[in-house]
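> I need the structure of the sequence given here:
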Amino acid sequence: MSLQKPMNEKKRIFCPGCGLFTIEKIIAEEMEKIGGDKNNTVIVSGIGCTARISEYFNLDTIHTTHGRTIPTAEGIKIANPDINVVIISGDGDLLSIGGNHFVHGSRRNLNIKIFCNNNRLYAMTGGQSAATTPKGMKTKTHPQGYEMEPLDPKGILKNNKNYFFSRTNTLDIEHFRNATKQSLEWEGFSFVEIISPCLADIERKLKTDNMKELMEYFKKDKENYIYEISHS
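Prediction:
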């Protein structure tokens, strides 16, 4: 049985062309390939566009308050070590408001799989700058360009002795699949950063709704083409 709820049962609320369709599909398919048991798996998400993805899975899910996704997942794992715990949420939830929990959750190294949709903004609330916003990027709150360096999750994980990290995106499907598979099979804390720009935000910047033009903007963004799979 598919781990995804069919479209006729649960219509997705994502914008046309949003990378979240790909994220949902790839994660569900890779979970099924490794024999994912819907009766022994829970997906945890926070607040934001990405967090809505959990309700489209045909298994137990839980929404948390903003920024509290990781400690909630840890509580589930500690209470029942045999259950598979997967987090799917956004960078605002996991790395901005929840940044402190990411730092210390990775140190505790529980066997939790985290998939972070990084659009480098608070996208759902209009495109404000976040901890992951690249230096110089123009946002709603920094129309002249963001002045700080972005938070680097891989740099934080390097302080730990054991971790899995991959940076991928929703255009390179094969790399995304490989990263997802390795993350799900890793014994310990794993973090997959999925670069997937908010098309609605790009549309506002380019003042166009032409999908071809939007995707060309996506492809020119070199940040999308940094692919790494590393562990220690």
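
> Regarding the residue of the chain positioned farthest from its centre, what are the backbone dihedral angles?
Going by CA atoms, centre = their mean, the residue of the chain most distant from its centre is residue 144, 27.1 Å out. The phi/psi pair for residue 144 (degrees, to the nearest 10) reads phi -90, psi 0.

> May I see the buried residues of stretch 172-188?
175, 176, 177, 178, 179, 180, 181, 182, 183, 184, 186, 188 (16 or more other CB atoms under 10 Å). For every residue, glycine as well, the C-beta is placed using N, CA and C.

> I'd like to know which of those residues are part of helices.
Members of the buried residues of stretch 172-188 lying in helices (criterion: DSSP state H): 175, 176, 177, 178, 179, 180, 181, 182, 183, 184.

> Save these as JSON lines, and put in pLDDT and distance to residue 123 too.
Converted to JSON lines, those look like this (pLDDT from 0 to 100; distance: CB to CB, whole Å):
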{"residue": "175", "pLDDT": "89", "distance to residue 123": "23"}
{"residue": "176", "pLDDT": "92", "distance to residue 123": "19"}
{"residue": "177", "pLDDT": "94", "distance to residue 123": "24"}
{"residue": "178", "pLDDT": "93", "distance to residue 123": "26"}
{"residue": "179", "pLDDT": "93", "distance to residue 123": "22"}
{"residue": "180", "pLDDT": "95", "distance to residue 123": "22"}
{"residue": "181", "pLDDT": "95", "distance to residue 123": "27"}
{"residue": "182", "pLDDT": "93", "distance to residue 123": "27"}
{"residue": "183", "pLDDT": "94", "distance to residue 123": "23"}
{"residue": "184", "pLDDT": "94", "distance to residue 123": "26"}
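
> and the gap between residue 16 and residue 9?
20 Å (CB to CB, to the nearest Å).

> Equivalent analysis for residue 185, please.
Residue 185 is 30 Å from residue 9, by CB to CB.

> can you tell me which residues contact the residue farthest from the centre of the chain?
By CB atoms under 8 Å, 6 or more residues apart in numbering, the residues touching residue 144 are residue 138.

> Next one: residue 96, what pLDDT does it get?
What the model reports as pLDDT for residue 96 is 91.

> what's the burial count for the residue lying closest to residue 160 once chain neighbours are set aside?
Of all residues not flanking residue 160 in the chain, residue 106 sits nearest, at 5.5 Å (CB to CB, 6 or more residues apart in numbering). Summarising burial for residue 106: neighbours were counted as other CB atoms under 10 Å, giving 24.

> and residue 106, that one's in a strand?
No: judged by DSSP: H, G, I helix; E, B strand; the rest coil, residue 106 forms no part of a strand; its state is helix.

> What lies in contact with the helix or strand hosting residue 24?
According to DSSP states H and E, residue 24 maps onto helix 20-33. Residues from elsewhere that reach helix 20-33, judged by CB under 8 Å, 6+ apart: 2-4, 12, 14, 41, 49-50, 53, 56-57, 86, 88, 115, 117, 170, 173, 176-177, 180-181, 184, 194, 196.

> quick one, phi/psi of the residue most central in space within the chain?
Central residue of the chain (CA atoms, centre = their mean): residue 116, 1.9 Å from the mean position. Main-chain torsions, residue 116, degrees, to the nearest 10: phi -110, psi 110.
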